[in-house]
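>>> Following is a predicted model, sequence given first.
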Amino acid sequence: MAAIAPPSPPMIAARYHGGAQTPKAVVMHGTVSPCKRGNARAVANWWHASTSPKTSAHYVADPGESIQCVGDHTVAYHCGYNTGSIGYELSDPQTGDPKRWGDAVHTAMLKIAAKDVARLCLAYGIEIKRPSVAELKAKGPHGIYGHDDSRRAFGHTTHTDPGPDFPWAHFIVLVQAEADALTHKEKPVSGPAKTPNITAAIKLMHQTGLALQKIGNKEGKKIAKEAVAALHKHADELRKIEVK
């Protein structure tokens with residue numbers, strides 16, 4: 001199977017970034033801005049401008065698209081403890097009804113983000129799971145986690161995004177589904193599982209043959225005899241399949 005390429009959305013380069021890195025993790029963020037079309041470009045243009053603060057992330061998404069701002073193998077300034085991680089910003093105000101993550105615009109954005117994150121994980125061998133804070137402390141950046149997880153594990157920041165209402169379990173499932181689709185994973189079909197169906201078919205043929213033999217008139221018995229012979233032939237063919 002060919003290697004899976006990382007995502008390649010439109011690029012609007014951030015003004016500020018660090019040196020080289022090897023991606024080992026994806027860190028999810030919230031932009032503290034509306035979840036609406038056009039917000040990803042607005043944030044990317046803000047990082048690109050001469051007035052940009054000294055912050056950046058690799059990707060930012062809204063309900064319509066994602067934008068890349070820093071190359072995957074370059075450090076972005078997104079979580080304080082940055083080296084080895086890819087920062088992914090989600091357009092969200094970080095306030096409001098917790099159910100907002102299930103509305104139409106957030107659902108569309110999470111689907112876009114899941115596609116990107118799945119590609120990142122497959123391209124760079126990042127495990128599709130959210131590690132605990134203890135695991136982050138023990139192993140360093142790995143898996144998919146939030147800015148708040150980075151704060152609690154490594155410090156260097158006060159941010160708590162993507163927030164307590166972020167649907168982590170749902171998002172990890174979305175990412176895994178996208179990864180499975182990219183790698184064409186399917187549930188294997190077991191040979192023995194087919195056997196009961198074949199056996200049932202043979203049994204049904206036998207019962208049908210017995211029923212046909214009970215037809216009383218001469219013409220009916222002739223038809224029944226021919227039908228039974230045909231049924232036995234098909235049953236033998238099915239048995240050969242069953243043995244294989």
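Here it is on my side, so go on.
>>> Show me the strands in the protein, by range?
Assigned by DSSP state E, the strands in the chain fall at 25-30, 59-61, 66-68, 85-90, 143-146.
>>> center of the protein, which residue is that?
The residue lying closest to the centre of the chain (CA atoms, centre = their mean) is Val175, at 2.3 Å.
>>> surely it meets Ile144?
Yes - the criterion here is CB atoms under 8 Å, and Val175 meets it with Ile144 at 6.9 Å. Quick note: C-beta positions are derived from backbone N, CA and C, even for glycine.
>>> which parts of stretch 102-109 are buried?
105-106, 108-109 (16 or more other CB atoms under 10 Å).
>>> how about the residues you listed, which pair is most distant?
His106 and Ala108 (7.3 Å; CB to CB).
>>> list residues touching both of these two?
With contacts defined as CB atoms under 8 Å, 6 or more residues apart in numbering, the residues shared by His106 and Ala108 are Pro63.
>>> Distance-wise, check Gly84 relative to Thr31.
For Gly84, the distance to Thr31 equals 22 Å [CB to CB, to the nearest Å].
>>> Between those two, tell me which one has more neighbours.
The neighbour comparison of Gly84 against Thr31 (other CB atoms under 10 Å) goes to Thr31, with 23 against 15.
>>> quick one: contacts for that one?
Thr31 touches 39, 43, 60, 89-92, counting by CB under 8 Å, 6+ apart.
>>> mind putting the residues you listed in a markdown table, distance to Asp180 and neighbour count included?
Converted to a markdown table, the contacts of Thr31 look like this (distance: CB to CB, whole Å; neighbours: other CB atoms under 10 Å):
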| residue | distance to Asp180 | neighbour count |
| --- | --- | --- |
| Asn39 | 29 | 25 |
| Val43 | 30 | 23 |
| Val60 | 25 | 31 |
| Glu89 | 25 | 33 |
| Leu90 | 22 | 28 |
| Ser91 | 26 | 27 |
| Asp92 | 26 | 27 |
